[in-house]
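S.K.: test case, fold it:
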Amino acid sequence: MFFITGGYHRYFSHRSYKVGRAMQFVLAFGGGTAAQKGALWWASHHRNHHRYSDTDQDLHSPLKGFWWSHVGWILCDKNNDWNADDIRDFAKFPELRFLTKHDWIPPWTLGIASYLIGGWSGLIFGFFGSTVLLWHSTFFVNSLAHVMGRRRYATTDTSRNSALIAFLTMGEGWH
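M.R.: Now for the predicted structure:
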């Protein structure tokens, strides 16, 4: 969860802090182990989400239904592309373009390492189980955090704050 929250979301999407190029690669590779595509793909779509929050142009808009906003958007082949113009600040790095193009490498690396360290139970629980939990925790921010929780401010979107989702996602539920 750290690499999605601290890397893909806070660093690549919002540029909340600065790191050197080596650490930037670590954040991109670590985020990639979550099997949520590459850092450039994720950040490009997330920046678009903020630009068009809860509209038809929002990739995971809750207006398209709960299941679409939860997981349908990332499984849909028509969403595989990303716009380099949305992420020019990072698209200039060839290693980030490589990891985004070959987004299967980080999760496969983690899966193989999990098997080598823990055998079948390491692969099943350490990789597949944790990845499914991580996916749903991340996706709860797109789905449940738009139908469950408290609205502290009158905004134009349907986002809500949820202590449960915040706990599961290292604070992302404070939406």
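S.K.: now the longest helix along the chain: buried residues?
M.R.: Across the chain, the longest stretch assigned as helix under DSSP state H is helix 105-121. Neighbour-count burial for helix 105-121, counted by 16 or more other Cβ atoms under 10 Å, picks out 106, 107, 110, 111, 114, 115. Quick note: C-beta positions are derived from backbone N, CA and C, even for glycine.
S.K.: could you dump that helix to PDB, C-alpha only?
M.R.: Output of helix 105-121 as PDB, limited to C-alpha atoms (Å, rounded to 0.1, in the frame of the first residue of the first chain):
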ATOM      1  CA  ILE A 105       7.700  -7.100 -14.800                       C
ATOM      2  CA  PRO A 106       7.300  -5.800 -11.200                       C
ATOM      3  CA  PRO A 107       4.400  -8.000 -10.200                       C
ATOM      4  CA  TRP A 108       6.000 -11.100 -11.800                       C
ATOM      5  CA  THR A 109       9.200 -10.300 -10.000                       C
ATOM      6  CA  LEU A 110       7.400 -10.100  -6.600                       C
ATOM      7  CA  GLY A 111       5.400 -13.200  -7.400                       C
ATOM      8  CA  ILE A 112       8.500 -15.200  -8.200                       C
ATOM      9  CA  ALA A 113      10.300 -13.800  -5.100                       C
ATOM     10  CA  SER A 114       7.300 -14.700  -3.000                       C
ATOM     11  CA  TYR A 115       7.400 -18.300  -4.300                       C
ATOM     12  CA  LEU A 116      11.200 -18.600  -3.800                       C
ATOM     13  CA  ILE A 117      11.000 -17.300  -0.200                       C
ATOM     14  CA  GLY A 118       7.800 -19.000   0.900                       C
ATOM     15  CA  GLY A 119       6.900 -21.700  -1.600                       C
ATOM     16  CA  TRP A 120       3.300 -22.100  -2.600                       C
ATOM     17  CA  SER A 121       2.000 -20.500   0.600                       C
END
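S.K.: which secondary structure elements does it contact?
M.R.: helix 21-32 (3 or more Cβ pairs under 8 Å, 6 or more residues apart in numbering; DSSP states H and E).
S.K.: what is the mean pLDDT for whichever helix or strand comes after the helix it packs on?
M.R.: Where DSSP states H and E defines the elements, the next helix or strand beyond helix 21-32 is helix 39-51. The pLDDT scores in helix 39-51 average 92.
S.K.: ranges for the strands of the chain?
M.R.: Shown for the chain, no strands are assigned by DSSP state E.
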